[in-house]
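Enquirer: task: produce atomic coordinates for the following.
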Amino acid sequence: MIITRDELAALLNWNYMKGYVPVRVRYPFYNCDLYSYDPGNFTLRDIAGDREIERQRRKHEAGHFLRRDLPTHYDLQDAFVCSGVARFLTEKDVLKKYREIMDEVRDPFFRPKAPFIAIDTNVAYYRGISRHFPYLTSLPFIVSGIVVQEIDSRIHEKYSPRHLAEYVREFGRRDIVEEFSNGSVKASRRAKIALSEIWYIMNHARCMRTETTTDVEDKEERDRLIAEDYREVADKWGVEVILLTADRDMAFHANAAGISSIPLRLPVDLRERVVSFERATDLIYTTAYIFGAVEVNGVHLLGVWRGKGSEDAFDERMLMLDATANLTKVIKELRAVEVAIGELQEEESERLEGNA
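Expert: Predicted coordinates:
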């Protein structure tokens, strides 16, 4: 059964009502929990440490492909950041800068140039705007074509029969592995998350994208070209470009190019915390997408499966396996209620328009 990220709430509530608390989230190919969530007190805890995950990964990285594709503790950290559960350490600095800009914008003599927010590639990978700074979309954005090109170029590799054979040889679980057939490998899935963030910015903010591209493969040189691209926009349009980046070196490149930057510092550890239902479902979805699959108290959620289309990615859908008939029935009933509510709202809207 294919479900949306929002419908994960039904799965969490189901476990809570059945007394299966806490809800334990595991990677089906490692013998350890990634984290647990208690829907009763909204507590996220039992977060796997780096040694635990790396020990599990090293047991199964015999093949060259598995060494690249098996999730690491960094992937777990990124899932926490991408979902907004783990916050940047400098988020208060971003908010302070935003408030300063908004105050100064009202005084054209104090800030004569219009401010534009620019993003580095890593900000897209961490879903920095949609999950951390959605308020910034009240300002205009500029996205370098080099950033988009860099992300798009990484969406190219899919699981081949040889790749799947490595998974089956190491883990068995053919029922899960076969669903990966022709799906995007981990690196491509990560890039798709970043590209989704670019589309979010373009759809929620006034956004200009440059046409600049490059064949340069060296990361530092490419970062310099991105900074120069943003500076050229600032000079050509007479605007102020403010770059968001989670890369300290990129901040230096920006300053050298003559544009200001706001550095983002990543969280140094993952710890127990209170997390809302919405954030918890986002975390589980993001983990399933980055890792490829997770197990939630015996129910498997796949972020990649045979026949998955672009709309499934945009709508943040997952394939749910091993769910009980009753759980499936609950989700179907919830969908029917949502459809009925939508039809009633549409009828009410038409009635009001008719009376106007």
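
Enquirer: please make it C-alpha for all contacts and neighbour counts, starting now.
Expert: Will do.

Enquirer: in stretch 248-262, what's buried?
Expert: Residues of stretch 248-262 classed as buried under the neighbour-count rule (16 or more other CA atoms under 10 Å) are M250, A251, F252, H253, A254, A257, G258, I259, S260, S261, I262.

Enquirer: what sits up against that stretch?
Expert: Outside of stretch 248-262, the residues within contact range by CA atoms under 8 Å, 6 or more residues apart in numbering are 94, 223-224, 227-228, 230-231, 240-245, 263.

Enquirer: what segments of the stretch 101-250 of the chain are strands?
Expert: 115-119, 141-143, 207-209, 240-245 (DSSP state E, counting those that start in this stretch).

Enquirer: ok so, going back, ok, the contacts of stretch 248-262 vs E272, which is closest?
Expert: V94 (24.6 Å; CA to CA).

Enquirer: the closest one and V275: what is the separation?
Expert: 22 Å (CA to CA, to the nearest Å).

Enquirer: can you check L70 too?
Expert: Distance from L70 to V275, by CA to CA: 27 Å.

Enquirer: now do the lowest-mean-pLDDT helix or strand in the chain: which elements does it pack against?
Expert: Lowest by mean pLDDT, DSSP states H and E among the helices and strands of the chain is helix 325-355, with a mean of 74. Counting contacts by 3 or more CA pairs under 8 Å, 6 or more residues apart in numbering; DSSP states H and E, helix 325-355 is packed against helix 8-17.

Enquirer: contacts for the helix it packs on, please.
Expert: So helix 8-17 is contacted by 21-23, 38-40, 277-278, 281, 297, 327, 330-331 (CA under 8 Å, 6+ apart).

Enquirer: now, among those, which is nearest to K219?
Expert: Once CA to CA is applied, the member of the contacts of helix 8-17 that ends up nearest K219 is T281, at 34.0 Å.

Enquirer: wait, that closest one touches V23, no?
Expert: No - T281 is beyond contact range of V23, at 11.6 Å (criterion: CA atoms under 8 Å).

Enquirer: helices along the stretch 1-150 of the chain, start to end?
Expert: Ranges of helices in the stretch 1-150 of the chain, per DSSP state H, counting those that start in this stretch, are 8-17, 50-58, 64-69, 73-82, 91-105, 121-125, 145-152.

Enquirer: among those helices, which is nearest A323?
Expert: So among those, helix 8-17 is nearest, using CA to CA, at 9.2 Å.

Enquirer: what mean pLDDT does that closest one get?
Expert: Taken as a whole, helix 8-17 has a mean pLDDT of 84.

Enquirer: buried ones in that helix?
Expert: Per 16+ other CA under 10 Å, helix 8-17 contains these buried residues: L8, A9, A10, L11, L12, N13, N15, Y16.

Enquirer: out of those, which is nearest to H64?
Expert: L8 (34.2 Å).

Enquirer: now do the end-to-end distance for stretch 285-304.
Expert: OK, stretch 285-304 end separation, CA to CA: 11 Å.

Enquirer: same question for stretch 164-177.
Expert: 6 Å.

Enquirer: ok now do the most centrally placed residue in the chain, which residues does it touch?
Expert: Nearest to the mean C-alpha position of the chain, counting by CA atoms, centre = their mean, stands C82 at 4.1 Å. For C82, the contact set (CA under 8 Å, 6+ apart) comprises Y125, Y126, R127, G128, R131, L283, T286.

Enquirer: ok, the last one - how many residues close by?
Expert: Right, the one you point to is T286. 24 (other CA atoms under 10 Å).
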